[in-house]
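S.K.: Here is my input, please return the structure:
(chains A and B)
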2 protein chains.
Amino acid sequence: MRIVIPLYPHFTALDAVGPYEVLRLVPGAEVLFVAAEAGPVRADSGALAITADAALDEVDACDVLVVPGGPGSRRPPAALAPWLAKIHETTRWTTSVCTGALLLGAAKILDGLDATTHWGAVEQLEAFGARYLPDRVVFQDAHRVVTAAGVSSGIDMALALAARLTDQVTAEAVQLVVEYDPQPPFDRGAPAKASQPVRDRALEILRDASNE
Amino acid sequence: MRIVIPLYPHFTALDAVGPYEVLRLVPGAEVLFVAAEAGPVRADSGALAITADAALDEVDACDVLVVPGGPGSRRPPAALAPWLAKIHETTRWTTSVCTGALLLGAAKILDGLDATTHWGAVEQLEAFGARYLPDRVVFQDAHRVVTAAGVSSGIDMALALAARLTDQVTAEAVQLVVEYDPQPPFDRGAPAKASQPVRDRALEILRDASNE
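M.R.: Reported below is the predicted structural model:
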């Protein structure tokens, strides 16, 4: 089972690595990171680079596509949208995390579908003809499409996907292997749970973090 | 504030990238990935490499040290333990995720301390003189040491640490930015929560995943 994760400059690392860590543990899974060109691709922070082991044009099919988000999703390499549109025709599941949904949108994969994205990107998502749902993970089974909310939600998405790709016991075992028994020290992970000062600070941090 | 994350062959990517994604959003934080030599370092899966931007011997101080785990923690590069012991003297917080605790143990940093690690590595941890606690995150404030349980627990650890490094509003804002509002599709993230078949399958997956 081939899992392909396309990277691009200024992607958000956890968007990619959360689902990677879950899906790579599914027996028989093989993960491949790809990018416009093979080689290290810098994340949004500038402090982390993940190596793409193949170029986009070397890969034309996969079972599961995982598209991470990040500030770079606003101006991706020109080759990315046509590549996504084409490889989507071959997948069992086409998935996105965070603003990766905007890249699926640009590839016309979300038109008319229910979808989710980072809470800060709702309008951009809807501009692609998707109906935003404020859910953490949105499955559109008939279209083989799954979208996840911001950054860390890719872990939840990948576990749900693992159960569909294999069986319940295997997916639960993967959860146990990565010891995903979340115990956040506070409970402000969604806009509705956060105070106004926390929301304001989050927007400041997002703005500074996107300032490339 | 300098956050340093040492990598080594066969590390587990999410151990490093979970805390990275949280801590890099703390205003003023600068993250640096290091390794025995600068350049890409392959994770345990073989499918992912993160670039170390500096060699261990180029870095001799930091504010926060984050040591990821992985199968490679059983036979790390020879230079790692002495480097950890030395840089630990300079840190505000020395932290580990998963079997990264074994590397702290090998550097004699956990002797006599309470600590946690991946549920599959308890005996090895105690062999270093640490007292294992089955908690997700264990702070030892007097020693400036924090250990986290398996893989995904580094996210919880880093959020708790962010609150101590900055202030509550900022740490909550970081949680909101990474939309860490976990909703796992099932609840098997700790051995006590999993059935025997799930535990058996998890051990199989761990064995296969560590088979380098």
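S.K.: CA only for contacts and neighbour counts going forward, please
M.R.: Fine.
S.K.: Now do the strands in chain A.
M.R.: A:2-6, A:30-35, A:39-42, A:49-52, A:54-55, A:64-67, A:93-97, A:114-115, A:131-132, A:137-140, A:145-148 (DSSP state E).
S.K.: Looking at those, which is nearest to B:Arg164?
M.R.: Of all these, strand A:49-52 sits nearest to B:Arg164, with 27.6 Å by CA to CA.
S.K.: ok, back up a step: okay if I get the strands of chain A as CSV plus distance to chain B, mean pLDDT and mean neighbour count?
M.R.: Formatted as CSV, those follow (distance: least, CA to the nearest CA, whole Å; pLDDT from 0 to 100; neighbours: other CA atoms under 10 Å in any protein chain shown):
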stretch, distance to chain B, mean pLDDT, mean neighbour count
strand A:2-6, 10, 98, 22
strand A:30-35, 6, 98, 23
strand A:39-42, 7, 98, 21
strand A:49-52, 5, 98, 25
strand A:54-55, 11, 98, 16
strand A:64-67, 14, 98, 26
strand A:93-97, 11, 98, 29
strand A:114-115, 16, 98, 24
strand A:131-132, 16, 98, 18
strand A:137-140, 9, 98, 21
strand A:145-148, 11, 98, 28
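S.K.: Nearest to B:Ala36, out of these?
M.R.: Using CA to CA and comparing the strands of chain A, the one that lies nearest B:Ala36 is strand A:49-52, at 16.9 Å.
S.K.: Which strands and helices lie in contact with that closest one?
M.R.: strand A:30-35, strand A:39-42, strand B:49-52 (3 or more CA pairs under 8 Å, 6 or more residues apart in numbering or on different chains; DSSP states H and E).
S.K.: show me what contacts A:Met1?
M.R.: Going by CA atoms under 8 Å, 6 or more residues apart in numbering or on different chains, A:Met1 touches A:Gly28, A:Ala29, A:Glu30, A:Cys62, A:Asp63, A:Val64.
S.K.: returning to that earlier point: and the helices and strands packed on strand A:49-52 as JSON lines, adding distance to A:Thr90?
M.R.: Formatted as JSON lines, the helices and strands packed on strand A:49-52 follow (distance: least, CA to CA, whole Å):
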{"stretch": "strand A:30-35", "distance to A:Thr90": "16"}
{"stretch": "strand A:39-42", "distance to A:Thr90": "25"}
{"stretch": "strand B:49-52", "distance to A:Thr90": "26"}
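S.K.: Buried residues in the helix ranked longest in chain A, which are they?
M.R.: Across chain A, the longest stretch assigned as helix under DSSP state H is helix A:196-210. Under the neighbour-count criterion of 16 or more other CA atoms under 10 Å in any protein chain shown, helix A:196-210 has A:Val198, A:Arg199, A:Arg201, A:Ala202, A:Leu203, A:Ile205, A:Leu206, A:Ala209 buried.
S.K.: Identify the residues contacting it?
M.R.: Under the criterion CA under 8 Å, 6+ apart, residues A:44-45, A:71, A:191, B:25-27, B:169-170, B:172-174, B:176-177 lie in contact with helix A:196-210.
S.K.: Of these, which is the nearest to B:Ile109?
M.R.: For the contacts of helix A:196-210, the minimum distance to B:Ile109 (CA to CA) is 25.9 Å, reached by B:Val26.
S.K.: what's that closest one in contact with, if anything?
M.R.: Counting by CA under 8 Å, 6+ apart, B:Val26 has contacts A:Ile205, B:Ala162, B:Thr166, B:Thr170, B:Ala171, B:Val174.
S.K.: Among these, name the buried ones.
M.R.: The neighbour count (16+ other CA under 10 Å) marks A:Ile205, B:Ala162, B:Thr170, B:Ala171, B:Val174 as buried among the contacts of B:Val26.
S.K.: got a markdown table for these, with distance to B:His10 and pLDDT too?
M.R.: A markdown table is the format used below for the buried ones among the contacts of B:Val26 (distance: CA to CA, whole Å; pLDDT from 0 to 100):
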| residue | distance to B:His10 | pLDDT |
| --- | --- | --- |
| A:Ile205 | 32 | 96 |
| B:Ala162 | 27 | 98 |
| B:Thr170 | 33 | 97 |
| B:Ala171 | 31 | 98 |
| B:Val174 | 29 | 98 |
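S.K.: Return the subset of those lying in helices.
M.R.: Judged by DSSP H, the subset of these located in helices is A:Ile205, B:Ala162, B:Thr170, B:Ala171, B:Val174.
S.K.: which two of these lie the greatest distance from each other?
M.R.: The span of those, defined through CA to CA, is set by A:Ile205 and B:Ala162 at 13.4 Å.
S.K.: For A:Gly100, give me the pLDDT.
M.R.: For A:Gly100, the model assigns a pLDDT of 98.
S.K.: List the contacts of A:Gly70.
M.R.: Taking CA under 8 Å, 6+ apart, we find A:Gly70 in contact with A:His10, A:Phe11, A:Thr12, A:Asp44, A:Cys98, A:Thr99, A:Gly100.
S.K.: Kindly apply the preceding question to A:Val145 instead.
M.R.: Residues near A:Val145 by CA under 8 Å, 6+ apart: A:Trp93, A:Thr94, A:Thr95, A:Phe139.
S.K.: swap in A:Val41?
M.R.: Residues in contact with A:Val41, defined by CA under 8 Å, 6+ apart, are A:Leu7, A:Tyr8, A:Pro9, A:Ala35, A:Ala49, A:Ile50, A:Thr51, A:Ala52.
S.K.: what does the domain assignment say about chain A?
M.R.: Here the domain parsing of chain A from automatic domain parsing is A:2-181, A:185-212.
S.K.: gap between stretch A:58-71 and the chain center?
M.R.: Averaged C-alpha coordinates place stretch A:58-71 at 9 Å from its chain's average position (CA atoms, centre = their mean, to the nearest Å).
S.K.: circling back: would a markdown table of the contacts of A:Gly70 with distance to A:Thr116 and neighbour count be doable?
M.R.: Converted to a markdown table, those look like this (distance: CA to CA, whole Å; neighbours: other CA atoms under 10 Å in any protein chain shown):
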| residue | distance to A:Thr116 | neighbour count |
| --- | --- | --- |
| A:His10 | 21 | 24 |
| A:Phe11 | 18 | 28 |
| A:Thr12 | 17 | 28 |
| A:Asp44 | 21 | 22 |
| A:Cys98 | 8 | 31 |
| A:Thr99 | 9 | 34 |
| A:Gly100 | 10 | 33 |
